[in-house]
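*Asks:* What follows is a predicted protein model with its sequence.
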Amino acid sequence: MVQTLLKNLLLAIGIVLVLAQFFGPEKNNGDADSVTAFLQETNANAEATAILKSSCFDCHSSSTTYPWYNNITPVNYWLADHVKDGKRHFNVSNWSDYSNKKKDHKLEELIEEVEEQEMPLPSYTLTHGDLSSEEINTLISWAKSARLNYAFEGEAQ
């Protein structure tokens with residue numbers, strides 16, 4: 001009796017999981033060039049650009065390059081939530097819409113998060129790897145330099 005109940009329960013769960021594969025969240029497949037204004041305005045060098053593209057833009061822009069496991073439900077919902085939350089905090093695709101004060105603040109937050117190794121998230125680095133000390137220094141140096149453009153403008157306002 002218990003074995004039959006357990007067998008039926010596992011079968012039902014299996015059917016639900018198979019059916020769930022036909023549904024998924026909307027993908028973050030906006031314009032891949034939407035980061036161009038951010039990169040140009042912040043004068044990102046080649047090294048910083050490479051790090052940003054490989055470790056930041058998937059969650060912090062309007063265009064995500066999804067890993068193969070994004071095709072598995074419920075993983076795709078979990079990833080979609082991460083991207084949505086990342087864009088809520090900082091979306092480089094909306095950089096042109098930010099005031100200079102907000103741009104300065106976002107770069108300040110970027111520096112803080114990277115210095116404290118809070119970004120990228122541990123769940124991201126689990127599959128993509130941590131930033132090296134050199135990469136961290138490159139990002140921080142670039143962001144500090146970029147902040148100079150907005151710090152002086154913010155004082156004048």
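*Replies:* In hand now; what should we look at?
*Asks:* all contacts plus neighbour counts: C-alpha atoms, from now on.
*Replies:* Will do.
*Asks:* Residue 104 against residue 151, yeah?
*Replies:* Yes. Taking CA atoms under 8 Å as the contact criterion, residue 104 and residue 151 are neighbours in contact, 6.3 Å apart.
*Asks:* Which of these two has more residues huddled nearby?
*Replies:* Legend: neighbour count by other CA atoms under 10 Å for residue 104 and residue 151, higher for residue 104 (23 against 15).
*Asks:* Report the central residue of the chain.
*Replies:* residue 59 (1.7 Å; CA atoms, centre = their mean).
*Asks:* residues contacting that one?
*Replies:* 82, 83, 84, 85, 86, 87 (CA atoms under 8 Å, 6 or more residues apart in numbering).
*Asks:* Give me the neighbour count for the first one.
*Replies:* If I follow you right, that is residue 82. 18.
*Asks:* Assign a three-state SS to the closest residue to it other than its chain neighbours, would you?
*Replies:* Counting by CA to CA, 6 or more residues apart in numbering, residue 59 is the residue found nearest to residue 82 once chain neighbours are left out, at 6.9 Å. Assigned with DSSP: H, G, I helix; E, B strand; the rest coil, residue 59 falls in the helix class.
*Asks:* how far away is residue 59 from residue 129?
*Replies:* Residue 59 sits 15 Å away from residue 129, going by CA to CA, to the nearest Å.
*Asks:* now swap in residue 2 and tell me
*Replies:* 45 Å.
*Asks:* can you check residue 62 too?
*Replies:* Going from residue 62 to residue 129 by CA to CA gives 22 Å.
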